[in-house]
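*Asks:* I need the structure of the sequence given here:
(one chain, ligands or ions: 1)
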Amino acid sequence: MAKATTSRVDKLLSSMGYGSRREVAQLAAAGGITLDAAKLVDVSKRIPVTADLPSRMKIDGEALDPVAGMVILLNKPLGMTCSHKEIGKLVYDILPARWRRRDPAISTIGRLDKQTSGLLLLTDDGDLLHRVISPKHHVKKTYRATLARPLNGTEGALFASGDLMLEGEDKPLVPAELDVISDTEALLSVTEGRYHQVRRMFAATGNHVETLHRESLGGLSLPDGMAPGQWKLLREDEIALIFQ
Ligand code: URA
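*Replies:* Below is the predicted model of the structure:
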């Protein structure tokens, strides 16, 4: 079994957004930190950083936040941006405010447009993030699109051809799969993540995407009944489904 990394308590809690090291020390001195139900006062103490720490450590009586290595599945609502910086509503605003101060930072795995809803993953695990977005791993993303005009019947073959060149690009798209639901609704599965890819694919056929919702990524789907704006932490077995 891999050995858990250890960390000083002040450094760990500060990296998790609980305040500066000095603030963490003050909190401990005031009796606000417990480990295995005993008060922890010496914040220079090194402890193993294990996934079970939230069940053993309490901060002001509340379970510690998840330690680094988390993956969050969010049902992204319309109108929110996948950016740390832009003005307006950001997907990060949905998560606990303290999580904005974590180091390593939590980032979205790829992006959905402001006007796209659905399955969005966020993580503080940079290696995982790069593995998911790397074209090498061919992670399939499935979108439900509603269209302004009826499909003309040629889209499926064009998208599957591997010849479709988007405007302004010099490399054709790898084959994608279209499942027609009705004249103006379809599921489109792609393994790349080019800028506005799905909207531009339909635009290349003379159509226009009116609504766009991501239903699945790899073997992960949005859980039944998960409302826009709701999120959950993924377990190890659920994370593994990404690459299924
Ligand atoms: N393709 C798009 O056009 N927009 C998204 O948000 C995702 C894929």
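
*Asks:* per-domain residue ranges of this structure.
*Replies:* With automatic domain parsing serving as the domain definition, the record reports that the chain contains domains spanning 6-63, 71-134+226-243, 140-217.

*Asks:* Need these in CSV (columns: mean neighbour count).
*Replies:* The C-beta positions use only the backbone N, C-alpha and C, and glycine is treated the same way. As requested, the domains of the chain are exported to CSV (neighbours: other CB atoms under 10 Å):
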stretch, mean neighbour count
domain 6-63, 15
domain 71-134+226-243, 16
domain 140-217, 16
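
*Asks:* what residues does the protein put near the ligand?
*Replies:* For the chain, the residues in contact with the ligand under the definition CB under 6 Å from any ligand atom are 112-113, 116, 143, 196-199, 212.

*Asks:* can you rerun that using 8 Å?
*Replies:* Contact residues of the chain with respect to the ligand, defined by CB under 8 Å from any ligand atom, are listed as 111-113, 115-116, 141, 143, 190, 193-201, 209, 212, 214.

*Asks:* Show me where this protein has its helices.
*Replies:* Counting by DSSP state H, the chain forms helices over residues 9-15, 21-29, 53-56, 126-133, 155-160, 197-203, 236-240, given from the N-terminal end onward.

*Asks:* Against Met70, how distant is His84?
*Replies:* Taking CB to CB, to the nearest Å as the measure, His84 falls 17 Å from Met70.

*Asks:* With Gly126 instead?
*Replies:* Going from Gly126 to Met70 by CB to CB gives 13 Å.

*Asks:* residues touching the residue nearest the centre of the chain, list them.
*Replies:* Centre of the chain computed as the mean C-alpha position; nearest residue by CA atoms, centre = their mean is Leu121, 1.7 Å away. For Leu121, the contact set (CB atoms under 8 Å, 6 or more residues apart in numbering) comprises 71-74, 108-110, 132, 217, 220, 234, 242.
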